[in-house]
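**Student:** Compute the structure for the input listed below.
(5 chains)
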Amino acid sequence: MKIYQVVKALVSTSRIPEMDYKPLQIVQDKPGGSPMVAVDPIGCKPGDWVLCVGSSAARDATGIKGYPSDLTIVGIIDNWPEQKDGNSSS
Amino acid sequence: MKIYQVVKALVSTSRIPEMDYKPLQIVQDKPGGSPMVAVDPIGCKPGDWVLCVGSSAARDATGIKGYPSDLTIVGIIDNWPEQKDGNSSS
Amino acid sequence: MKIYQVVKALVSTSRIPEMDYKPLQIVQDKPGGSPMVAVDPIGCKPGDWVLCVGSSAARDATGIKGYPSDLTIVGIIDNWPEQKDGNSSS
Amino acid sequence: MKIYQVVKALVSTSRIPEMDYKPLQIVQDKPGGSPMVAVDPIGCKPGDWVLCVGSSAARDATGIKGYPSDLTIVGIIDNWPEQKDGNSSS
Amino acid sequence: MKIYQVVKALVSTSRIPEMDYKPLQIVQDKPGGSPMVAVDPIGCKPGDWVLCVGSSAARDATGIKGYPSDLTIVGIIDNWPEQKDGNSSS
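**Tutor:** Numbering: from 1, shown residues only, chains lettered A, B, ... in the order given. Sure, this is the predicted structure:
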């Protein structure tokens, strides 16, 4: 799994039908990093540091068997070391 | 998932039989980036910013179970931040 | 999927039994690029630009269910932009 | 498989239900390397050099069929060459 | 598939039970390259250039269905171009 920070929700109105039921979050592994998009079955807010699973495990982790995801948020990290005091990134 | 921009359709006349039924798009993650090829079950046009799923999820996302894809377009992004005003890339 | 150019066939006499029935091609994404090896169910020749599928989709794309491949050629590209006039790479 | 060194346990209180039953370790492939998170079915301690499996194999390797993991520790390495004498990294 | 050179066997006494039945080899794609670990169902020796399969195909390629591998040696290459005359790397 990799650690990412939630940037904000992604809006995609024209989707394949299988994508309709879960929110999507833009995440990045560090400020200014390359953006990735993860399915969010937990309900994260911008600035949260989260644990994401990829590969085939990302599908069932959404809570919907066979969902078309290759990156899914599976947990919010309590206290990520890079979140220094007074330096939260919301 | 990753965010790509559609460049143009890819023409490949000599294919394996399983590939026959879906259009293919050349996509890149940024102008001048390394080209990738994604199956397009939505009907995108050059310049669209799209959300693509990889891994095993790319197969069923085409709409045909077991289709030989490892990268499939699953949505068109409404307003990608890097599409600045007056700077569309069609 | 990614775009590669066929360099030449790979000879590997000592293989696991499951590998015996398909030709293998050394491919690279650009001249001097890192070599990869793809299963070739089509019959390509050196210099062809080809479309390759990876991930779990590479297995069935060989035409043999469960074949041990993680990169399989699924099409020959008709006219790849980087094949400039008079600059074919055979 | 890849070789990583265990840094420390990761605490994530808010998780999806499927993640509840296994400890998670922050690992890196070299000091200062990019942090990854692996499921630990063995019981490692900080400083251990471990063998991790990814891809779909990471799921069953946790000991729970279909567990949502894409990186799982499958062995502790007895004597990793980069652990020079007097230079253990605990 | 990718081409690697066998460096030497990896010793890992404390493993998950599913890993017990196959030798493991440290491999690298070039001298000084980043080390990877592959399951060896063939019986390679240090210096051999080998073909390795990854992704989900690595599991069954070990000869044991569902084995927890993401990189498995599937063939020894007869005459790899980079093995220049008099420059074997054993």
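**Student:** least trustworthy helix or strand in chain A by mean pLDDT?
**Tutor:** The weakest-scoring helix or strand in chain A, judged by mean pLDDT, DSSP states H and E, is strand A:14-15 (a mean of 91).
**Student:** Okay, and the beta partners of the residue nearest in space to the middle of chain A?
**Tutor:** What sits nearest the mean C-alpha location of chain A, by CA atoms, centre = their mean, is A:A38, with 3.8 Å. With DSSP bridges as the criterion, A:A38 is bridged to A:Q25.
**Student:** Closest approach to chain E from chain A, which residue is it?
**Tutor:** Closest residue of chain A to chain E, CB to the nearest CB: A:S56 (7.4 Å). (Each C-beta comes from the backbone N, C-alpha and C, glycine too.)
**Student:** Verify the contact between the residue nearest to the centre of chain A and A:D70 for me.
**Tutor:** No - using CB atoms under 8 Å, A:A38 is not in contact with A:D70; the gap is 9.2 Å.
**Student:** Please identify every residue contacting each of the two.
**Tutor:** Residues touching both A:A38 and A:D70 by CB atoms under 8 Å, 6 or more residues apart in numbering or on different chains: B:M1.
**Student:** and chain A, which of its residues are near chain B?
**Tutor:** Proximity of chain A to chain B, by CB under 8 Å from any CB of the partner chain, involves residues A:10-16, A:18-19, A:24, A:34-38, A:54-56, A:58-59, A:66-71.
**Student:** can you rerun that using 10 Å?
**Tutor:** Proximity of chain A to chain B (CB under 10 Å from any CB of the partner chain) is limited to residues A:7-8, A:10-20, A:24, A:26, A:34-39, A:54-59, A:62, A:66-72.
**Student:** Tell me how far the nearest residue to A:K45 once chain neighbours are set aside lies from C:I76.
**Tutor:** Computed as CB to CB, 6 or more residues apart in numbering or on different chains, the closest residue to A:K45 that is not its neighbour in sequence is A:V6, at 6.8 Å. For A:V6, the distance to C:I76 (CB to CB, to the nearest Å) stands at 42 Å.
**Student:** Mind jotting down where the helices sit in chain A?
**Tutor:** A:57-60 (DSSP state H).
**Student:** Chain E contacts on that one?
**Tutor:** So far as CB under 10 Å from any CB goes, chain A lies against chain E at A:S55, A:S56.
**Student:** Low-confidence ranges, chain A, go.
**Tutor:** Confidence mapping of chain A against pLDDT under 70 gives the ranges A:81-90.
**Student:** burial of the residue of it found nearest chain C, as a residue count?
**Tutor:** Residue nearest to chain C within chain A: A:S56 (7.4 Å; CB to the nearest CB). Neighbourhood size, A:S56 [other CB atoms under 10 Å in any protein chain shown]: 25.
**Student:** ok now do it, which residues does it touch?
**Tutor:** A:69-70, B:55-57, C:55-56, D:55-59, D:66, D:68, D:70, E:55-56 (CB atoms under 10 Å, 6 or more residues apart in numbering or on different chains).
**Student:** Quick check: ChimeraX command selecting the buried ones in the residues you listed.
**Tutor:** The ChimeraX command for the buried members of the contacts of A:S56 (criterion: 16 or more other CB atoms under 10 Å in any protein chain shown) is given here:
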select /A:69,70 /B:55,56,57 /C:55,56 /D:55,56,57,58,59,68,70 /E:55,56
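**Student:** Give me the subset of the contacts of A:S56 lying in strands.
**Tutor:** Judged by DSSP state E, strands contain none of the contacts of A:S56.
**Student:** A:L24 reaches A:D40, doesn't it?
**Tutor:** Yes - if you go by CB atoms under 10 Å, A:L24 and A:D40 touch, sitting 6.8 Å apart.
**Student:** joint contacts of these two?
**Tutor:** Jointly contacting A:L24 and A:D40 under the rule CB under 10 Å, 6+ apart are A:A9, A:L10.
**Student:** Contact residues of chain A facing chain C?
**Tutor:** Proximity of chain A to chain C is confined to A:S55, A:S56, A:D70 under the rule CB under 10 Å from any CB.
**Student:** Distance check, A:L51 against A:M36.
**Tutor:** For A:L51, the distance to A:M36 equals 13 Å [CB to CB].
**Student:** Overlap in contacts, the two.
**Tutor:** Counting by CB under 10 Å, 6+ apart, the shared contacts of A:L51 and A:M36 are A:K2, A:Y4.
**Student:** all strands of chain A, in order?
**Tutor:** Secondary structure of chain A, counting by DSSP E: strands at A:2-9, A:14-15, A:24-28, A:36-39, A:49-54, A:71-76.
**Student:** For the first one, list the C-alpha coordinates in PDB.
**Tutor:** Translated: strand A:2-9. C-alpha atoms of strand A:2-9 as PDB (Å, rounded to 0.1, in the frame of the first residue of the first chain):
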ATOM      1  CA  LYS A   2       1.100   3.600  -0.500                       C
ATOM      2  CA  ILE A   3       0.500   6.700   1.500                       C
ATOM      3  CA  TYR A   4      -1.200   9.700  -0.200                       C
ATOM      4  CA  GLN A   5      -2.700  13.000   0.800                       C
ATOM      5  CA  VAL A   6      -6.200  13.800  -0.300                       C
ATOM      6  CA  VAL A   7      -6.300  17.000  -2.400                       C
ATOM      7  CA  LYS A   8     -10.000  17.300  -3.300                       C
ATOM      8  CA  ALA A   9     -12.900  15.500  -4.900                       C
END
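**Student:** Any buried residues in that strand, and which?
**Tutor:** By neighbour count on 16+ other CB under 10 Å, the buried set for strand A:2-9 is A:K2, A:I3, A:Y4, A:Q5, A:V6, A:V7.
**Student:** Could you do the fifth one as well?
**Tutor:** In terms of neighbour count (16+ other CB under 10 Å), strand A:49-54 has its buried residues at A:W49, A:V50, A:L51, A:C52, A:V53, A:G54.
**Student:** so how far is chain D from the fifth one?
**Tutor:** Using CB to the nearest CB, to the nearest Å, A:V53 is found at 5 Å from chain D.
**Student:** Any figure for the gap between that residue and A:L71?
**Tutor:** A:V53 is 8 Å from A:L71, by CB to CB.
**Student:** what do the two both touch?
**Tutor:** A:K2, A:A38, A:A61, D:D70.
**Student:** The last one reaches E:S55, doesn't it?
**Tutor:** Meaning D:D70. No - using CB under 10 Å, D:D70 is not in contact with E:S55; the gap is 12.0 Å.
**Student:** what touches both of these two?
**Tutor:** Residues touching both D:D70 and E:S55 by CB under 10 Å, 6+ apart: A:S55, A:S56, B:S55, D:G54, D:S55, D:S56, D:A57, E:D70.
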